[in-house]
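J.: Here's a sequence, model it:
(one chain, ligands or ions: 1)
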Amino acid sequence: MDDFPPYPSGLRLAGRPVVVVGGGHVAQRRVPALLAVGAVVTVVSPEVTPALEGLVGAGEVTWVERGFEEPDLDGAWYAIAATDDHDANERVSAAAEERRIFCVRADDATRATAWTPAVGRHAGVTVAVLGNREPRRSAAVRDEILEGLREGTIVARHQRDRQAGVVLVGGGPGHPDLMSVAGRKALMEADVVVADRLAPRELLGELPSDVELIDVAKLPRGRSAQQEEINRVIVERALEGKLVVRFKGGDNFVFGRGYEEVLACREAGVPVTVIPGLTSPVAVPAVAGIPVTHRGVAHEFTVISGHLPPGHPESLVNWAAVAGMSGTVVLMMAVHNAPAIAEALMDGGRTGSTPVAVVCDGTMPGERTVLSTLGSLAKDIEAEQVKAPAIIVVGGVVAVAHPQHFS
Ligand code: SAH
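T.: Prediction:
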């Protein structure tokens with residue numbers, strides 16, 4: 001009989017009694033998984049671990065505080081013999097066999113009527129792997145499958161509970177590994193992906209071939225015309241019953257016009273959800289080795305869009321106030337206006353020797369950091385031919401990260 005492989009089956013244990021005999025670490029590992037599928041769990045053991053005792057205290061598990069007796073299995077659908085005593089497990093196993101209850105054994109799988117697979121779940125799919133009684137192998141195979149599902153190399157699309165609508169997904173600063181698991185899941189579920197230039201583009205190559213990909217960089221130019229067209233497209237596709245992912249670099253609400261899209265969806269009655277992303281003003285300096293705060297150096301950091309120069313009639317930034325603070329200033333979209341911004345910060349009281357780092361193409365293959373100071377920023381940007389996208393970090397934290405350069 002031992003030569004036959006197991007017959008896999010998904011037990012639906014919700015509301016059904018399951019008996020776990022033993023209260024040690026094996027039981028402690030199995031019980032939460034049983035509870036998670038809704039089983040009604042009784043633990044039979046003279047002693048239990050503190051974690052199990054906690055579940056008992058919370059009313060999630062019934063504890064029969066003594067050694068195993070055969071009638072303990074009466075009425076159970078499933079049993080786990082998890083004591084550290086071979087004879088006791090043997091008795092549990094025999095009592096289960098007599099009652100035709102499938103029984104897992106912690107000590108000797110060859111004598112058990114059921115085996116516990118390595119289990120994982122992703123987006124409504126349960127993965128259970130039985131690796132011929134080699135737990136490490138099962139776990140490794142399970143992990144590979146889960147990773148494949150998460151990354152989309154194994155495509156299990158179209159969850160049944162999937163809803164039409166728009167999901168704003170923040171793609172992080174650029175490197176595909178720096179995107180959230182939730183974001184990746186949403187991408188793999190999408191019918192339509194509307195992507196920006198700064199979204200991690202490598203991931204777009206992994207999309208299933210029937211996904212409609214709309215590249216915003218190719219829409220008609222002009223900031224407001226483009227945004228109107230995006231709003232129109234996402235709403236229109238969602239109203240056709242599709243799941244639309246609006247995929248941007250960083251976080252959609254950080255200079256990403258994400259909330260305009262939320263409002264457009266609301267107005268049209270389209271459900272919209274948000275999956276935040278790692279935002280570049282924090283993540284790009286971090287990957288380049290520069291902290292935006294440091295004890296005793298900066299007690300605040302200010303993130304500012306530099307796409308309008310100081311003094312521009314439409315600018316909402318009080319540069320004098322920013323200059324008057326002592327903390328870190330992180331500038332985005334600021335390459336073009338950096339000389340004017342440096343001037344404004346110095347006019348407001350920051351010294352010309354204030355350290356500056358310009359991080360270009362953060363987290364991407366061409367990433368580089370140009371170190372400078374407020375006083376020489378204009379010259380250095382020109383000499384180093386700095387181009388967008390770049391994050392400019394101003395303040396003492398830059399010297400913390402590069403003490404030699406600024407000593
Ligand atoms: N929503 C995005 C920002 C969009 S504004 C976020 O949360 O990160 C675009 C600006 O972001 C660029 O001009 C640049 O200043 C910055 N940026 C985004 N990704 C970057 C990267 N990988 N490296 C350097 N700067 C980046």
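
J.: Roughly how far does A51 sit from the ligand?
T.: The gap separating A51 from the ligand is 40 Å, by C-beta to the nearest ligand atom, to the nearest Å. No exception for glycine: its C-beta is placed from N, CA and C like everyone else's.

J.: Now for the residue nearest to that residue when sequence neighbours are not counted, how many residues are close by?
T.: Spatial nearest neighbour of A51, chain neighbours left out: Q28 (5.2 Å); criterion: C-beta to C-beta, 6 or more residues apart in numbering. By other C-beta atoms under 10 Å, 20 other residues sit near Q28.

J.: next one: the one 4 residues further on
T.: P32: 14 surrounding residues under other C-beta under 10 Å.

J.: Let me know the pLDDT of it.
T.: At P32, the model reports a pLDDT of 93.

J.: any idea how far R105 is from it?
T.: If you measure P32 against R105 using C-beta to C-beta, to the nearest Å, the figure is 19 Å.

J.: which residues does the nearest residue to I214 once chain neighbours are set aside bridge with?
T.: Excluding its sequence neighbours, the residue lying closest to I214 (C-beta to C-beta, 6+ apart) is V194, at 4.6 Å. Under DSSP bridges, the beta-bridge partners of V194 are I214, R246.

J.: Kindly state the pLDDT recorded for V194?
T.: 96.

J.: Number of residues surrounding the residue nearest to G10 when sequence neighbours are not counted?
T.: Nearest in space to G10, with sequence neighbours left out and distances taken as C-beta to C-beta, 6+ apart, is T126 at 6.9 Å. Here the number of neighbours of T126 (other C-beta under 10 Å) works out to 11.

J.: S372 falls within a strand, correct?
T.: Yes - the assignment for S372 (DSSP: H, G, I helix; E, B strand; the rest coil) places it in a strand.

J.: burial count for the nearest residue to it once chain neighbours are set aside?
T.: Distances taken as C-beta to C-beta, 6+ apart place D380 nearest to S372, at 4.0 Å, with adjacent residues excluded. Applying other C-beta under 10 Å, we find 17 residues neighbouring D380.

J.: same check, this time on D74
T.: Other residues within reach of D74 by the criterion other C-beta under 10 Å amount to 11.

J.: pLDDT wise, what is the residue nearest to it when sequence neighbours are not counted at?
T.: Nearest residue to D74, sequence neighbours excluded (C-beta to C-beta, 6+ apart): R99, at 7.2 Å. At R99, the model reports a pLDDT of 97.

J.: how close does R99 get to G54?
T.: According to C-beta to C-beta, R99 stands 30 Å off from G54.

J.: Give me the more crowded residue out of these two.
T.: Neighbours per residue, other C-beta under 10 Å: of R99 and G54, the larger number sits with R99, 15 against 12.

J.: For the more buried one, which residues are in contact?
T.: Taking C-beta atoms under 8 Å, 6 or more residues apart in numbering as the contact definition, R99 lies against L73, D74, A76.

J.: ok, how many other residues are close to the last one?
T.: So the one you mean is A76. Using other C-beta under 10 Å, A76 has 22 other residues around it.

J.: again, but for the first one
T.: Close neighbours of L73, defined as other C-beta under 10 Å, add up to 22.

J.: Please report phi then psi for it.
T.: Dihedral pair for L73: phi -90, psi -10, per degrees, to the nearest 10.

J.: pretty sure it is touching A96, no?
T.: Yes - between L73 and A96 there is a contact at 5.8 Å, judged by C-beta atoms under 8 Å.

J.: okay, and the common contacts of those two?
T.: In terms of C-beta under 8 Å, 6+ apart, L73 and A96 are both contacted by the residues A79.

J.: number of nearby residues for the nearest residue to E314 once chain neighbours are set aside?
T.: Closest residue to E314 apart from its sequence neighbours, by C-beta to C-beta, 6+ apart: L308 at 6.0 Å. Number of residues near L308 (other C-beta under 10 Å) recorded here: 16.

J.: Identify all contacting residues around stretch 144-154.
T.: Contacts for stretch 144-154 (C-beta under 8 Å, 6+ apart): 120, 122-123, 125, 127, 129, 156, 181, 184-185, 187-188, 203, 206-207.

J.: Lowest-confidence one in those?
T.: Among the contacts of stretch 144-154, A156 has the lowest pLDDT, at 64.

J.: In space, what's closest to S353 - neighbours in sequence excluded?
T.: Distances taken as C-beta to C-beta, 6+ apart put T373 closest to S353, at 5.3 Å, once the chain neighbours are dropped.

J.: who touches the one you found in this structure?
T.: T373 sits next to G352, S353, T354, P355, V356 when contact means C-beta under 8 Å, 6+ apart.

J.: where does P176 land on pLDDT?
T.: Looking at P176, its pLDDT reads 92.

J.: Could you pull up phi and psi at it?
T.: phi -60, psi -30.

J.: count of neighbours near it?
T.: 17.

J.: my guess is it meets A199, correct?
T.: No - in this structure P176 lies outside contact range of A199 using C-beta under 8 Å: 10.1 Å.

J.: one step back: state the distance from the residue nearest to S353 to V393.
T.: 12 Å.

J.: Give me the common contacts of those two.
T.: V356.

J.: List the residues that contact S138.
T.: Contacts of S138 (C-beta under 8 Å, 6+ apart): P117, A118, V129, L130, G131.

J.: For the fourth one, which non-adjacent residue is closest in space?
T.: This points to L130. P117 is the one closest to L130 (C-beta to C-beta, 6+ apart), at 4.7 Å.

J.: how many other residues sit next to the one you found?
T.: There are 19 residues near P117, going by other C-beta under 10 Å.

J.: For it, grab phi and psi.
T.: The phi/psi pair for P117 (degrees, to the nearest 10) reads phi -80, psi 170.

J.: Does T293 touch A286 like I think?
T.: No - taking C-beta under 8 Å as the definition, T293 is not a contact partner of A286, at 10.9 Å.

J.: Mind listing what's buried along the helix or strand hosting S93?
T.: According to DSSP states H and E, S93 maps onto helix 86-99. By 16 or more other C-beta atoms under 10 Å, the buried positions in helix 86-99 come out as A88, N89, E90, R91, V92, S93, A95, A96.

J.: now stretch 119-128
T.: Within stretch 119-128, the residues scored as buried using 16+ other C-beta under 10 Å are V119, G120, H122, A123, V127, A128.
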